[in-house]
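Peer 1: sequence and predicted structure, then a few things I'm wondering about:
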2 protein chains.
Amino acid sequence: MTRSLYILPLLPLLSPALCAQEAAGVVLVIHGGAGAIDRKKMTPALEQQYRADLEKALRAGHAILQRADGTSLDAVEAAIKVLEDSPLFNAGKGAVFNREGRNELNASIMDGKDRRAGAVAGVARIKNPISAARAVMDKSPHVFLIGAGAERFAAEQGLEMVSPLYFWTERRWQELLKAEERAKKKDVRDDSESLRYLGTVGAVALDRAGNLAAGTSTGGLTYVRAGRVGDSPIIGAGTYAENEACAVSCTGHGELFMRHIVAADIAARVKYRKDALGQATRAALDALPKEPGGAGGIIALDRQGNAVTAFSTNGMYRGTITRDGKISIAIYAE
Amino acid sequence: MTRSLYILPLLPLLSPALCAQEAAGVVLVIHGGAGAIDRKKMTPALEQQYRADLEKALRAGHAILQRADGTSLDAVEAAIKVLEDSPLFNAGKGAVFNREGRNELNASIMDGKDRRAGAVAGVARIKNPISAARAVMDKSPHVFLIGAGAERFAAEQGLEMVSPLYFWTERRWQELLKAEERAKKKDVRDDSESLRYLGTVGAVALDRAGNLAAGTSTGGLTYVRAGRVGDSPIIGAGTYAENEACAVSCTGHGELFMRHIVAADIAARVKYRKDALGQATRAALDALPKEPGGAGGIIALDRQGNAVTAFSTNGMYRGTITRDGKISIAIYAE
C-alpha cells in the first residue's frame, strides 16, 4: 500500500533527503511534526508512546468517518484534539515555551466543500485551539481571531478554557532553559538556532460525501520572540482544503511555508497544472530554500483517497488510515 | 493608456459590476480601498483631498523609482506611508475603531525578488504599520509578528511609536457610534453590517532592476470584534509578490480574500496557467462568492509594467504612475 517514491541523496549531513510516500484508499492522514528527530534520545518506550497517540488520533478520526453522516471536518478536529491533548506533540498540552516563558498557541481548520475557514493565533487559555479555529469558522463571520479577542470569543462559545499553567510541562520547560543558555552564550537576539526545533500537528480527511478538510495546530518555536506567528494558522500557508484540488497540512520552518504559501501552492499545481498530487507536493516542498536540517514536512489527500506524506527533515511523525481501518504509522524516512 | 476592459451589468443594485482597467508602462499602482463610495457625501472639495493624497503617494514612490538604485520595496513603503499618514484612508492615522473603541492595525509587505515577507497584526502603538512589516522582514528571521510582541519589536528597531490616541479621529469615532447604534437596534453580536465598510491601502511597484514588491495596510473594519484579522497582513491573501509572476495588493471583504488566497491565486494563474495578468486578476476576483456591495478590489503589476486595477464594488480609490511620471487617478467605475 505504501511505497517510497524517491530519495534524493543530496547534502546528506546538512540537508536530509526529500522523502515522499504515497498510499491509496486513505480517508485520514495525520502528522505530529517534522524535524531533527534524535534516534539516540528515542527509547523504544518513548517511540511506543508516540505510536500509541498517533494511532489513537487516527482511530478517533476514523470512528467519525465510518458514520454515514460523519464529516471530514469533525474527523480532522477529533484527530487533532487527541494530539493536542497528548504532552508529546508541540500543540495544545505539549506546546513549547516562547522567549518570555509563555505558551502561544496557533491553529487553523478549513472545509474543502466551500472553502470556509477558521483560525486563531496567540492564544494561551484555550485548551484545544483547533476547536477554537472551528468555532471561528462556524460561529463567527470571520476567519482569523488573535490574542485576547480570540480567547474571549472561545469562552463565549463555551469552549473549555484553562489557566496558562495547563500548558506547563517539565520537558518543554527544560528545552526552554537549554535554548536560553545557548542563546546567551552566543549573545544573539534572534538566533536562527531557535528556528531549528520543528513541530506541529495536523490532519487531512475525506468523508463519505466526498468532502475534504484540513487542520493544523502548533505551540510555535521554543524560545521564539513573543508574538511570532508561523504558518500553522495561515490559510494557504500551513493549512488548505478545496474539494476540487486537495487537503493539505504543513509542518516545519513556518517562515518558509508562509513566504511560499505552500499548502495553496500544492492545490494550485493540481488545479492549474493538472499535476498529480504526489508530484505537486514534492515540487512545492522541493521549491523551498534549502537549509540545514530540512525545511519541514507535508501531508496531502485528494478526493480519490490518494495520500501523500513528504518531508525534507530526517523524520516526521505521521500516520494514515484507510476506509477499512488499516493503519500505517512511521517516524523516520523508511 | 488606460482602457476599460469590460463591465458586467449584473445585479446593478446589489452587486456592482466587475470593473477592470489595464495600463502599460506603469511602475507604481496604489489603492486607497474599495467599497460603497457614496457619491452624495463626496463633495468636490473632499474628492480633491482624496486625489491630492493619492497623487502625493504616487509621487513619493515614483521619486524613489526614478533613482538608479531605488527599489520597489522602498517605493511601496513610501507610498503606503503617505496613505497611512493621511486621515482619509482606513490605515494608520485614519484607521477605523473596533467594537471595543480601539484601533487595531495590520500591514504586510513582500519582496518579489526572493519572496521575503514581513507582516504585523493587532498593533496600536506603531505610527506606520507598513514600516513595522518591513522591519520584521529585514531585521528579524520571522514573517509575522502580532500584538504587544510586534510593538516591542518595532520599538526596539527604532520605529516611531505613538499613543493609541494618535489614531483617534472624529470622523471614525462617529462611524463607530453609528455602527454601534445600528447593531444595538438589531441585537446581533456579529452582524454582517459591520463587514460592509471596506477600506485599506496598498501599493505594488516595479523598479529599474526589474524587481516587484507589494504592500498592504489597514485599520480593519468599523465595530468589528476585537482581535479579528483580515487579509491585509496575510501573505498570499491580501499581499503577494513574485518576480516571475506579479505583485498584488487586495482590499475588500477580507474573509473572502483569505479563504480564496486571492493574491497568490492570481500569481498561480499567471505561473501555472500562463494567463495574462488582466485575465488572471479578473478571474480571481470573479471567483469570489457574490455579495451585496461587491467583494472588493485588486491592484496588480508585472515585470513588463502591465498594471491592472479591478473591483466588484461601486468604486475604488486608485492611481497609477508610469516611468516617465504620467499619473492616472480614479475613484469610481469610469
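Peer 2: Good, I have the coordinates. Everything numeric in this text was worked out from a predicted model, so none of it was measured.
Peer 1: state whether A:Ser131 is indeed within a strand.
Peer 2: No: under DSSP: H, G, I helix; E, B strand; the rest coil, A:Ser131 sits outside any strand and is assigned helix.
Peer 1: and it, how many neighbours does it have?
Peer 2: 24 (other C-beta atoms under 10 Å in any protein chain shown). Every C-beta, even on glycine, is put in place using the N, C-alpha and C of the backbone.
Peer 1: do I have it right that it meets A:Asp74?
Peer 2: No: between A:Ser131 and A:Asp74 there is no contact under C-beta atoms under 8 Å: 10.9 Å.
Peer 1: other residues contacting stretch A:321-334?
Peer 2: A:1-2, A:4, A:7, A:16-17, A:19, A:21, A:23, A:25-28, A:37, A:39, A:42, A:47, A:50-51, A:54-55, A:58-59, A:61-62, A:65, A:305, A:309, A:311, A:314-320 (C-beta atoms under 8 Å, 6 or more residues apart in numbering or on different chains).
Peer 1: for that stretch, buried residues please.
Peer 2: Under the neighbour-count criterion of 16 or more other C-beta atoms under 10 Å in any protein chain shown, stretch A:321-334 has A:321-322, A:328-331, A:333 buried.
Peer 1: got those as JSON lines, with secondary structure and pLDDT columns?
Peer 2: Shown next, in JSON lines, are the buried residues of stretch A:321-334 (DSSP: H, G, I helix; E, B strand; the rest coil; pLDDT from 0 to 100):
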{"residue": "A:Ile321", "secondary structure": "strand", "pLDDT": "98"}
{"residue": "A:Thr322", "secondary structure": "strand", "pLDDT": "98"}
{"residue": "A:Ser328", "secondary structure": "strand", "pLDDT": "98"}
{"residue": "A:Ile329", "secondary structure": "strand", "pLDDT": "98"}
{"residue": "A:Ala330", "secondary structure": "strand", "pLDDT": "97"}
{"residue": "A:Ile331", "secondary structure": "strand", "pLDDT": "95"}
{"residue": "A:Ala333", "secondary structure": "coil", "pLDDT": "88"}
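Peer 1: closest to chain B out of those?
Peer 2: Nearest to chain B out of the buried residues of stretch A:321-334 is A:Ala333 (C-beta to the nearest C-beta; 26.6 Å).
Peer 1: residue ranges with poor pLDDT in chain A?
Peer 2: Within chain A, the stretches with pLDDT under 70 are A:1-16, A:187-198.
Peer 1: buried residues, the lengthiest strand in it. List them.
Peer 2: Of all segments of type strand in chain A, defined using DSSP state E, the longest is strand A:26-35. Neighbour-count burial for strand A:26-35 flags A:26-35 (criterion: 16+ other C-beta under 10 Å).
Peer 1: right, and the helix or strand after it?
Peer 2: Going down the chain from strand A:26-35, the next helix or strand is helix A:44-66, by DSSP states H and E.
Peer 1: mind giving me the packing neighbours of that following helix?
Peer 2: For helix A:44-66, the packing partners by 3 or more C-beta pairs under 8 Å, 6 or more residues apart in numbering or on different chains; DSSP states H and E come out as strand A:26-35, helix A:72-85, strand A:201-206, strand A:315-322, strand A:327-332.
Peer 1: send me it as PDB with only the CA atoms.
Peer 2: Taking Å, rounded to 0.1, in the frame of the first residue of the first chain, the C-alpha atoms of helix A:44-66 are listed here in PDB:
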ATOM      1  CA  PRO A  44      11.700   2.000  22.500                       C
ATOM      2  CA  ALA A  45       9.300   3.000  25.300                       C
ATOM      3  CA  LEU A  46       9.000   6.600  24.100                       C
ATOM      4  CA  GLU A  47       8.600   5.600  20.500                       C
ATOM      5  CA  GLN A  48       5.800   3.300  21.600                       C
ATOM      6  CA  GLN A  49       4.100   6.300  23.300                       C
ATOM      7  CA  TYR A  50       4.300   8.300  20.100                       C
ATOM      8  CA  ARG A  51       2.900   5.500  18.100                       C
ATOM      9  CA  ALA A  52       0.100   4.900  20.600                       C
ATOM     10  CA  ASP A  53      -1.000   8.500  20.500                       C
ATOM     11  CA  LEU A  54      -0.800   8.700  16.700                       C
ATOM     12  CA  GLU A  55      -2.900   5.500  16.500                       C
ATOM     13  CA  LYS A  56      -5.400   7.000  19.000                       C
ATOM     14  CA  ALA A  57      -5.700  10.100  16.800                       C
ATOM     15  CA  LEU A  58      -6.200   8.100  13.700                       C
ATOM     16  CA  ARG A  59      -8.900   5.900  15.300                       C
ATOM     17  CA  ALA A  60     -10.700   9.000  16.700                       C
ATOM     18  CA  GLY A  61     -11.000  10.400  13.300                       C
ATOM     19  CA  HIS A  62     -11.800   7.100  11.600                       C
ATOM     20  CA  ALA A  63     -14.700   6.400  14.000                       C
ATOM     21  CA  ILE A  64     -16.300   9.600  12.800                       C
ATOM     22  CA  LEU A  65     -15.600   8.900   9.100                       C
ATOM     23  CA  GLN A  66     -17.200   5.400   9.400                       C
END
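Peer 1: list of residues touching it?
Peer 2: Here helix A:44-66 makes contact (C-beta under 8 Å, 6+ apart) with A:27-28, A:30, A:32, A:70-72, A:74-76, A:78-83, A:86, A:88-89, A:203, A:205-208, A:317-321, A:323, A:325, A:327, A:329, A:331.
Peer 1: contact partners for A:Gly296?
Peer 2: The contact partners of A:Gly296, taken as C-beta under 8 Å, 6+ apart, are A:34-35, A:198, A:250-253, A:256-257, A:285, A:288, A:311-313.
Peer 1: now distance to A:Ala124 and secondary structure too, for these, in JSON lines please.
Peer 2: Shown next, in JSON lines, are those (distance: C-beta to C-beta, whole Å; DSSP: H, G, I helix; E, B strand; the rest coil):
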{"residue": "A:Ala34", "distance to A:Ala124": "25", "secondary structure": "strand"}
{"residue": "A:Gly35", "distance to A:Ala124": "23", "secondary structure": "strand"}
{"residue": "A:Leu198", "distance to A:Ala124": "21", "secondary structure": "coil"}
{"residue": "A:Cys250", "distance to A:Ala124": "23", "secondary structure": "strand"}
{"residue": "A:Thr251", "distance to A:Ala124": "21", "secondary structure": "strand"}
{"residue": "A:Gly252", "distance to A:Ala124": "23", "secondary structure": "strand"}
{"residue": "A:His253", "distance to A:Ala124": "23", "secondary structure": "coil"}
{"residue": "A:Leu256", "distance to A:Ala124": "26", "secondary structure": "helix"}
{"residue": "A:Phe257", "distance to A:Ala124": "23", "secondary structure": "helix"}
{"residue": "A:Leu285", "distance to A:Ala124": "31", "secondary structure": "helix"}
{"residue": "A:Leu288", "distance to A:Ala124": "30", "secondary structure": "coil"}
{"residue": "A:Phe311", "distance to A:Ala124": "29", "secondary structure": "strand"}
{"residue": "A:Ser312", "distance to A:Ala124": "31", "secondary structure": "coil"}
{"residue": "A:Thr313", "distance to A:Ala124": "27", "secondary structure": "coil"}
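Peer 1: reformat those residues as a markdown table; add distance to B:Arg171.
Peer 2: Shown next, in a markdown table, are those (distance: C-beta to C-beta, whole Å):
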| residue | distance to B:Arg171 |
| --- | --- |
| A:Ala34 | 50 |
| A:Gly35 | 50 |
| A:Leu198 | 47 |
| A:Cys250 | 42 |
| A:Thr251 | 45 |
| A:Gly252 | 45 |
| A:His253 | 43 |
| A:Leu256 | 42 |
| A:Phe257 | 40 |
| A:Leu285 | 48 |
| A:Leu288 | 45 |
| A:Phe311 | 52 |
| A:Ser312 | 51 |
| A:Thr313 | 52 |
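Peer 1: which of the residues you listed tops the neighbour count?
Peer 2: A:Cys250 (36 neighbours).
Peer 1: what is the neighbour count of A:Asp114?
Peer 2: The number of residues packed near A:Asp114 is 13, by other C-beta under 10 Å.
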